[in-house]
Structure formats: C-alpha cells, structure tokens
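Chemist: make a model of this:
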Amino acid sequence: MRRFDEQLAELNNMMLEMAALVEKTITMASQALIEQDTKRAKNVIAVEADVEQKEKEIESLCLKLLLQQQPVAKDLRVISSALKMITDLERIGDQAADISEIVIMMNGAPYAKNPEHISQMATATVKMVTESIDAYVKKDLKLAKSVIAYDDVVDDLFDKVKFDLIEMIRSDGKHGEQSIDLLMIAKFYERIGDHAVNIAKWVVYSITGKQA
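Modeler: Numbers count the residues shown, from 1 in each chain. Sure thing, here's the model as predicted:
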C-alpha cells in the first residue's frame, strides 16, 4: 500500500510538471503574439514536444497503477481522471503551438489595432488551466467548479474580439487577412478554455464520482 501511495504522489507531481509545461507554452505563445516575436513562437513549438513526452510518461504510469495495483473505487477514479486530463493538456499544448505558427506566419506585420482582448483571453485561459490542475492535486471541489464557471469570462472576451475584428474590417478592408489570423488565434484560446473546463469536470468526477 505504501508503494501505491508513493506512486500516486508521483502521479500528482508528474501532472503538475505537465501542467507547468502547458502553462509555459500558453504564456510564451501569448508573449510572442503581443510582442510579435517569431523566435519565441518557434520556442513554443519546441516546448510542445516536451508536453507530448510528458503525456506518454503519465499514461505509462497510470496504466501501470491500474494493472499492477488494482486500485479501489476512489483511487481508480483519480487515475482514470488523470488519463482523461492529460489528453486535454496535450491538446492545449497543441493549440499554443497553433497560435505560435500563426504568429510566425504573420512575421511581425504591425497590428492595425492593439489586440488587448486577445491578451486578456490569454491571461484568463492560463488561470483556468493552472487552477484546474491545482484543483486535481489538492482535491479542491470548489476550485474545480470555479474554473467551470470562469469559462463565461473567456466566452465573453471571444465575443469582444469578434466585434473588434468586424469593426477593423469595416473601417479598412485591407486588414481582412490579419483579422482572420487574429480571429483564429482567439478561437484557439476559446478552445483552451474549453479544455480547462474538461479538466475541471474530471476533477469533480474524481472527487464525487459524478459528472459535473
């Protein structure tokens, strides 16, 4: 039993490490976007490979725990939830890389308008991802539910981004291509928020045995 507890603690640590890598990808992608830094954007793509490697390591440990330890119901929920959550974390890393690829394609072209609402979306989604994993490690049901509710903030910001970009096209049609690129980036942030919600819902399940 002691060995099993040690392995569960190891799983928590690995989840935190993966979350930190994912948080790093979103933060770096956001900085690359705001500062129009293609070098930083390329670094995001390199870090995303580390996220994929961490996903494989956690998956291996979870399967080992399931096959060798035959965990009881509550521990089984924790392990199976971790398996689901790493899929969402990996996809968040993918989307941070997607944002970075668009930044590279834009190649430092000056913004027609300050992308302030996209920057706010970036901050909000980093918060959601960090808190969803904190909720898992601390078994904090209240925090998990607050992440789920906070998705409304990201959705509202997405609506503001759409309005900003429509106004930008109306005022000067030559910014159409940039508007589409920025809308794609905003959509990726919205999806990151959705994945953070998924993680939080799995936290609720791991604690209560019920789907949020």
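
Chemist: mind showing which ranges of this protein have poor pLDDT?
Modeler: Counting by pLDDT under 70, the chain shows low-confidence ranges at 1.

Chemist: go again with 50.
Modeler: Along the chain, no part satisfies pLDDT under 50.

Chemist: tell me which residues of the host helix or strand of R191 are tucked away?
Modeler: Element membership for R191 (DSSP states H and E) is helix 176-208. Under the neighbour-count criterion of 16 or more other C-beta atoms under 10 Å, helix 176-208 has 178-179, 181-183, 185-207 buried. Bear in mind the C-beta positions are built from the backbone N, C-alpha and C, glycine included.

Chemist: what's near enough to touch the most centrally placed residue in the chain?
Modeler: With distances taken as C-alpha atoms, centre = their mean, I92 lies nearest the centre of the chain, 3.8 Å away. By C-beta atoms under 8 Å, 6 or more residues apart in numbering, the contact list for I92 reads 22, 25-26, 129, 192, 195-196.

Chemist: what is the helix holding R191 packed up against?
Modeler: helix 73-106, helix 116-138, helix 141-171 (3 or more C-beta pairs under 8 Å, 6 or more residues apart in numbering; DSSP states H and E).

Chemist: need those helices in JSON lines (columns: distance to M18).
Modeler: Below are those laid out as JSON lines (distance: least, C-beta to C-beta, whole Å):
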{"stretch": "helix 73-106", "distance to M18": "5"}
{"stretch": "helix 116-138", "distance to M18": "8"}
{"stretch": "helix 141-171", "distance to M18": "17"}
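
Chemist: ok, which of those comes nearest F4?
Modeler: helix 73-106 (7.7 Å; C-beta to C-beta).

Chemist: tell me which residues of that closest one are tucked away?
Modeler: 75, 77-83, 85-86, 88-104, 106.

Chemist: and it, how far out from the chain's middle?
Modeler: On the basis of C-alpha atoms, centre = their mean, to the nearest Å, helix 73-106 sits 6 Å off its chain's mean C-alpha point.
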